[in-house]
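J.: Structural data only, the sequence is not supplied:
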């Protein structure tokens, strides 16, 4: 739903991120220097929007010393998360997202808490999962409000930056990136960056306070054994067997989930004081919308990452990728909600806690009825007892649907949809032997899902009319715009 200039987690809450540059289809997409000319890239690096198509404007280098140094700096990845940097911020080379996160963390009292072991890996995909560890990493790297600013760098500092930039340039020629030991894999149009586990551990020891070094490693959706992308992610979909396609989609799902199963279990067993629920029940209507929108935006960021990793998605046209994301993002966010719903207590994960339906008491009647219907939907999906692999492929099917209004290459989308469906049927045949109706029951729920998406757009637009001064995150505005209402209402 909506978001405003709050802390990255508000108080105990979570905010958006991103970057802008618009395309003819009304969305912005980031194109990576190493990707194909028509590949969609999502970069959760800046605070505003998130999808861009046109490549970044290359740095001219300029003739001045400052321009040359700035150009050198922007070659070096963000020291905090490894994303594309935008300069020296608070004394450290960072991206716009980490700059904004640190600024918000210093603007007032914050009470970030790590739900795990205080040694979370902070990278481009995972950086929004733990604000506590992200802030600790910023501080360990030397970020400070009093830090020397870019224009006052000494000659020695400039030389150091130049040396590091040259190392990064040289390493890229060999297919790797020095910073954080990120490896860039690219072939057949797919570009994927992964950080080896050994490098993650070394990076933590070098850049995090000593008390975190001896903590047990955190569970990450990425396997601790296999850190390179699944080989299928580097292969065109026409060359992939159904079994391998299913495995690749499952890995994409696990890599991009906001919460691992271990983290969900920890939150389930975490005591939630009733006064915390009461805080939400008394939250002003506008503020509640802001919090909900922040959570949706965070989920959508991961959904875009998931889409990029689905074999075949990046082979679709730019405009079709955009239309599919506009039409399907909210539906996939609700599918993700199924993973973090506790049917025993009728609570759902909201930020870093499980909240009951009554916590959303300040919603209007129509909005509350929608929220109640969403709770019912996730309960019904849970009754199907689908596995993580099935959840992954079902999500991919929802996203890659040829009947979405506005798509152009219907045949290509349908072919990819059919390949994923074949992989899903094989998986369900193994996991639900004898239950031939399970897919049919999900298809029935898929209709409910589209209805919920249309209702969401309606209540969102009604709220925007009521509160036109509320500023939504740019990514949220792009995906859930007036145009999206036309797309969703025609489905």
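T.: Sure thing, it's come through. Note that the structure is a prediction, hence the values are computed from the model and not measured. Numbers count the residues shown, from 1 in each chain.

J.: alpha carbons only for contacts and neighbour counts from here, please
T.: Fine.

J.: Which stretches in the stretch 51-200 of the chain count as helices?
T.: 65-73, 96-106, 131-140, 155-173, 197-207 (DSSP state H, counting those that start in this stretch).

J.: Check the stretch 251-400 of the chain too.
T.: 261-268, 274-281, 285-309, 318-339, 365-382, 388-399.

J.: can I get those in a markdown table with mean pLDDT, mean neighbour count and distance to residue 83?
T.: Shown next, in a markdown table, are the helices of the stretch 251-400 of the chain (pLDDT from 0 to 100; neighbours: other CA atoms under 10 Å; distance: least, CA to CA, whole Å):
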| stretch | mean pLDDT | mean neighbour count | distance to residue 83 |
| --- | --- | --- | --- |
| helix 261-268 | 88 | 17 | 25 |
| helix 274-281 | 89 | 14 | 34 |
| helix 285-309 | 93 | 23 | 14 |
| helix 318-339 | 95 | 22 | 22 |
| helix 365-382 | 96 | 17 | 34 |
| helix 388-399 | 96 | 23 | 26 |
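
J.: can you redo those helices as TSV with distance to residue 75?
T.: Shown next, in TSV, are the helices of the stretch 251-400 of the chain (distance: least, CA to CA, whole Å):
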stretch	distance to residue 75
helix 261-268	35
helix 274-281	44
helix 285-309	23
helix 318-339	27
helix 365-382	44
helix 388-399	34
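
J.: so residue 134 touches residue 127, yeah?
T.: Yes: using CA atoms under 8 Å, residue 134 makes contact with residue 127 at a distance of 6.6 Å.

J.: returning to what we had before: between the helices of the stretch 51-200 of the chain, which gets the lowest average pLDDT?
T.: Among the helices of the stretch 51-200 of the chain, helix 197-207 has the lowest mean pLDDT, at a mean of 35.

J.: List the buried residues for whichever helix in the chain runs longest?
T.: For the chain, the helix that runs over the most residues, judged by DSSP state H, is helix 438-466. Within helix 438-466, the residues scored as buried using 16 or more other CA atoms under 10 Å are 439, 442, 445-446, 448-450, 452-461, 463-464.

J.: Could you name the helices and strands sitting against it?
T.: If you count contacts as 3 or more CA pairs under 8 Å, 6 or more residues apart in numbering; DSSP states H and E, helix 438-466 packs onto helix 318-339, helix 365-382, helix 482-489.

J.: residue contacts, residue 456?
T.: By CA atoms under 8 Å, 6 or more residues apart in numbering, the contact set of residue 456 is residue 370.

J.: give me that answer again for 6 Å
T.: By CA atoms under 6 Å, 6 or more residues apart in numbering, residue 456 lies in contact with nothing.

J.: How about residue 347: what's its closest non-neighbour residue?
T.: Spatial nearest neighbour of residue 347, chain neighbours left out: residue 356 (4.2 Å); criterion: CA to CA, 6 or more residues apart in numbering.

J.: What separation is there between that neighbour and residue 476?
T.: Distance from residue 356 to residue 476, counting by CA to CA, to the nearest Å: 24 Å.

J.: Neighbour count: the two, which is higher?
T.: residue 476 (24 against 17; other CA atoms under 10 Å).

J.: what's the closest non-adjacent residue to the more buried one?
T.: In space, and not counting its chain neighbours, residue 476 is closest to residue 297: 5.8 Å by CA to CA, 6+ apart.

J.: repeat for residue 446
T.: residue 398 (7.8 Å).

J.: So between residue 134 and residue 127, which is more surrounded?
T.: Ranked by neighbour count (other CA under 10 Å), residue 134 and residue 127 place residue 134 first, with 28 against 20.

J.: quick one: the more buried one and residue 81, what's the gap?
T.: 9 Å.

J.: How much space separates the nearest residue to residue 381 once chain neighbours are set aside from residue 456?
T.: Distances taken as CA to CA, 6+ apart put residue 338 closest to residue 381, at 6.8 Å, once the chain neighbours are dropped. Separation of residue 338 from residue 456 (CA to CA): 17 Å.

J.: Same check on residue 368?
T.: Taken as CA to CA, the span from residue 368 to residue 456 is 11 Å.

J.: swap in residue 126?
T.: 27 Å.

J.: Over to residue 445?
T.: Residue 445 is 16 Å from residue 456, by CA to CA.

J.: same deal with residue 140?
T.: Look at residue 140 and residue 456: by CA to CA, they are 41 Å apart.

J.: next one: residue 279
T.: Residue 279 is 24 Å from residue 456, by CA to CA.

J.: Spell out which residues make up each domain of this structure.
T.: 59-224, 230-491 (automatic domain parsing).

J.: Now do the same contact list for the nearest residue to residue 361 once chain neighbours are set aside.
T.: Leaving out its chain neighbours, the residue that sits closest to residue 361 by CA to CA, 6+ apart is residue 281, at 5.2 Å. Residues counted as contacts of residue 281 (CA under 6 Å, 6+ apart) are 359, 360, 361.

J.: What's the local residue count around residue 113?
T.: Quick note: residue 113 (other CA under 10 Å) scores 13 neighbours.

J.: For the closest residue to it other than its chain neighbours, the count of nearby residues, please.
T.: Sequence neighbours aside, residue 132 is the residue nearest to residue 113 in space, at 5.3 Å (criterion: CA to CA, 6+ apart). Residue 132: 19 surrounding residues under other CA under 10 Å.

J.: Quick check: the gap between residue 132 and residue 245.
T.: 36 Å.

J.: Against residue 73, how distant is residue 95?
T.: For residue 95, the distance to residue 73 (CA to CA) stands at 11 Å.

J.: Pick out whichever of those two has more residues nearby.
T.: Neighbours were counted for residue 95 and for residue 73 using other CA under 10 Å; residue 95 has more, 28 against 23.

J.: Contacts only, for the closest residue to the more buried one other than its chain neighbours.
T.: Distances taken as CA to CA, 6+ apart place residue 85 nearest to residue 95, at 3.9 Å, with adjacent residues excluded. By CA under 6 Å, 6+ apart, residue 85 lies in contact with 74, 77, 78, 94, 95.

J.: Now tabulate the residues you listed in JSON lines and tack on pLDDT and distance to residue 266.
T.: Conversion of these to JSON lines gives the following (pLDDT from 0 to 100; distance: CA to CA, whole Å):
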{"residue": "74", "pLDDT": "74", "distance to residue 266": "39"}
{"residue": "77", "pLDDT": "86", "distance to residue 266": "33"}
{"residue": "78", "pLDDT": "89", "distance to residue 266": "31"}
{"residue": "94", "pLDDT": "90", "distance to residue 266": "32"}
{"residue": "95", "pLDDT": "90", "distance to residue 266": "31"}
